[in-house]
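Engineer: build me a structure from this.
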Amino acid sequence: MLYFLITFGVFALVVAAMAIGYIIQRKTISGSCGGLGGIGVEKACDCPDPCDNRKKKMAKEEARRQMLEENRII
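Structural biologist: Alright, predicted model coming up:
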């Protein structure tokens, strides 16, 4: 039980230190590499026209959205 309390205390101190650092710096939290935006890609599929698989997926999502909207109870 003593190890648990010591471990919990250390983690609490680390989280508190990170929170204080965040408050002081007033920076937004971001990933380490910046994601796709870091290399100039604005979206995951940077194609001007979606491929056939993507079109099928988009049509399926739209059909599902319409079905849910039509069968809405409230």
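Engineer: now do the buried residues in the helix or strand where K60 lies.
Structural biologist: Element membership of K60, judged by DSSP states H and E, is helix 52-70. Judged by neighbour count (16 or more other CB atoms under 10 Å), helix 52-70 contains no buried residues. C-beta: built from backbone N, CA, C; applies to glycine.
Engineer: could you give the separation of that helix from the chain centroid?
Structural biologist: Computed by CA atoms, centre = their mean, to the nearest Å, the chain-centroid distance of helix 52-70 equals 22 Å.
Engineer: same question, stretch 13-26
Structural biologist: For stretch 13-26, the distance to the chain centre is 21 Å (CA atoms, centre = their mean).
Engineer: what mean pLDDT does that stretch get?
Structural biologist: Here stretch 13-26 scores 88 as its mean pLDDT.
Engineer: quick one: buried residues of it?
Structural biologist: Buried residues in stretch 13-26 (16+ other CB under 10 Å): none.
Engineer: can I get the CA coordinates of it in CSV?
Structural biologist: The C-alpha coordinates for stretch 13-26 follow below in CSV (Å, rounded to 0.1, in the frame of the first residue of the first chain):
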residue,chain,number,x,y,z
LEU,A,13,3.2,16.0,-8.6
VAL,A,14,4.0,15.5,-12.2
VAL,A,15,0.5,16.3,-13.4
ALA,A,16,0.4,19.4,-11.1
ALA,A,17,3.8,20.6,-12.6
MET,A,18,2.5,20.1,-16.1
ALA,A,19,-0.6,22.0,-15.3
ILE,A,20,1.3,24.9,-13.8
GLY,A,21,3.6,25.0,-16.8
TYR,A,22,0.7,25.0,-19.2
ILE,A,23,-1.0,27.9,-17.3
ILE,A,24,2.2,29.9,-17.2
GLN,A,25,3.1,29.5,-20.9
ARG,A,26,-0.5,29.9,-22.2
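Engineer: the helix holding K60 - what's its average pLDDT?
Structural biologist: 89.
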